[in-house]
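Chemist: Next come a sequence and a model predicted from it.
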Protein chains: 2
Amino acid sequence: MRPLEEWTTTLSTVELPETPPREDIKGEELQLGLHGQRLGFRVRRLHHLLSQRVEEAFVSYGLRPGSLTMMVLISANPGYSQVELSRIGNLDKSAIVMIVDELEKRGLAIRGRSSSDRRRNSLFLTAQGEKLMKEMHEIAMATEQPLRDGLSAEEYDQLFELLEKARTIVAAST
Amino acid sequence: MRPLEEWTTTLSTVELPETPPREDIKGEELQLGLHGQRLGFRVRRLHHLLSQRVEEAFVSYGLRPGSLTMMVLISANPGYSQVELSRIGNLDKSAIVMIVDELEKRGLAIRGRSSSDRRRNSLFLTAQGEKLMKEMHEIAMATEQPLRDGLSAEEYDQLFELLEKARTIVAAST
DNA sequence: TATTGTTATACTCTATAACTATA
DNA sequence: TATAGTTATAGAGTATAACAATA
């Protein structure tokens, strides 16, 4: 409802672009402009929304966001070292230290020291860790349920595969 | 090449899961485990990769990551207030202050004060801002070129539309 | 000399609350 | 009383470098 009006600025004279009356803008109300061409912008918005939902769902567990990520990777790759797991998880090896500290303190994971290479830790989940991982994974999957309901099975599978294909392509480009 | 071996832990006895020899694991080498079911995980990985590429491409400009985002939004919605623009940009109104400070300091944007409601700023890009925005947008688009080359036109359009559809669905779900 | 894990540091991003000036 | 912008602050996430133990 804001009418076209005058603006004062720090500069003495300014050319004032036309500002469309707010009621003319439908849908998203505000325009995306050049962002409309950016695939990365759309990925970013979806990621922001999804990670927000998961974070909310996990708040009662008091675990950092990366904790489930690490538990899943440890469970799927038992005995691997922290450095090896850091490669796949988009995480730095120093970040993993804190996460594993936390998991170990809660009895969810175990740091084993290799007898043949005593620099290396090797990570395992405890039975309790496996249980909590499955529980939190179900909760995370539940936050994605609207997508499985709202997209057709074909669309869902397509999105799933295209995301992976896109990642592979970008990763392969220098 | 790491053989199966013994581990010492802080616990006296530990059941040691089977660790597959490393050469048995192809492709990504490490297993995703339950993450393989998570659409959110794939979105996260793609987002991480793409934002990394854009950040690298922008490093010489010395502008924060949100600066191009704000310039595009200001350009597409001239005269709108900071609060209004914050709604669409996944940004807090306090975060916008710093970004606009920076843009104004560089002569890229102008804060106009509304004469009818003197609480409100209204934002415009300068000619220089418009020029830099277009330049940086081209660079950002160039980081996505591998996707336009590697995916078919159909796949690219599908991914584009499915990302938006997915966001709408998640946003609509409470 | 290189690697694993650790610690410390710093820098960004984000979220929050409090404050001001205006309405 | 509510809103727009600002400021300050604290928290999480990330990146870096340095270090000790080990290879």
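Modeler: In hand now; what should we look at?
Chemist: can you pull out the helices in chain A?
Modeler: A:39-58, A:65-76, A:82-88, A:93-105, A:127-143, A:145-150, A:153-172 (DSSP state H).
Chemist: and the fourth one with DNA strand C, contact?
Modeler: Yes. With CB under 7 Å from any atom of the strand as the criterion, DNA strand C is reached by helix A:93-105 at A:93-94, A:97, A:100-101. Every C-beta, even on glycine, is put in place using the N, C-alpha and C of the backbone.
Chemist: Drop anything exposed from these.
Modeler: Buried by 16 or more other CB atoms under 10 Å in any protein chain shown: A:Val100, out of the residues of helix A:93-105 next to DNA strand C.
Chemist: follow-up on the earlier one: out of the helices of chain A, which is the most enclosed?
Modeler: helix A:65-76 (a mean of 22; mean count of other CB atoms under 10 Å in any protein chain shown).
Chemist: Could the C-alpha coordinates of it be exported in PDB?
Modeler: Presented in PDB, the C-alpha positions along helix A:65-76 are these (Å, rounded to 0.1, in the frame of the first residue of the first chain):
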ATOM      1  CA  PRO A  65      24.100 -31.300  13.100                       C
ATOM      2  CA  GLY A  66      27.200 -33.300  12.000                       C
ATOM      3  CA  SER A  67      26.700 -36.000  14.600                       C
ATOM      4  CA  LEU A  68      24.100 -38.000  12.600                       C
ATOM      5  CA  THR A  69      26.200 -37.600   9.500                       C
ATOM      6  CA  MET A  70      29.200 -39.000  11.300                       C
ATOM      7  CA  MET A  71      27.200 -41.800  12.900                       C
ATOM      8  CA  VAL A  72      25.900 -42.900   9.500                       C
ATOM      9  CA  LEU A  73      29.300 -42.800   8.000                       C
ATOM     10  CA  ILE A  74      30.900 -44.700  10.800                       C
ATOM     11  CA  SER A  75      28.200 -47.300  10.700                       C
ATOM     12  CA  ALA A  76      28.500 -47.800   6.900                       C
END
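Chemist: chain center to it: distance?
Modeler: Its chain's average C-alpha position is 13 Å from that of helix A:65-76, according to CA atoms, centre = their mean, to the nearest Å.
Chemist: list the helices and strands it packs on?
Modeler: Applying 3 or more CB pairs under 8 Å, 6 or more residues apart in numbering or on different chains; DSSP states H and E, we find helix A:65-76 packed against helix A:39-58, helix A:82-88, helix A:93-105, strand A:109-114, strand A:121-125, helix A:127-143.
Chemist: Any chance you could list what contacts it?
Modeler: With contact meaning CB atoms under 8 Å, 6 or more residues apart in numbering or on different chains, helix A:65-76 is reached by A:51, A:54-55, A:58, A:80, A:85, A:88-89, A:91, A:95-96, A:99-100, A:102-103, A:108-109, A:123-125, A:129-130, A:132-133, A:136-137, A:140, B:30-35, B:41.
Chemist: Could you rerun that using 7 Å?
Modeler: Helix A:65-76 is contacted from outside by A:55, A:85, A:88-89, A:91, A:95-96, A:99-100, A:102-103, A:108-109, A:123-125, A:129-130, A:133, A:136-137, A:140, B:31-35, using CB atoms under 7 Å, 6 or more residues apart in numbering or on different chains.
Chemist: ok, now stretch A:82-93?
Modeler: Applying CB under 7 Å, 6+ apart, the set of residues contacting stretch A:82-93 is A:66, A:69-70, A:73-74, A:77, A:96, A:100, A:121, A:123, B:28, B:30, B:45, B:48.
Chemist: ok, now stretch A:95-111?
Modeler: A:64, A:66-67, A:70-71, A:74, A:82, A:85-86, A:121, A:123-126, A:128-129, A:132, B:9, B:11, B:14.
Chemist: Rounded mean pLDDT for stretch A:118-131, please.
Modeler: The average pLDDT for stretch A:118-131 rounds to 95.
Chemist: Now for the residues of helix A:93-105 next to DNA strand C: which two are most distant?
Modeler: A:Lys93 and A:Asp101 (13.1 Å; CB to CB).
Chemist: Provide a list of residues in contact with A:Thr143.
Modeler: Contact analysis of A:Thr143 by CB under 7 Å, 6+ apart lists A:53-54, A:57.
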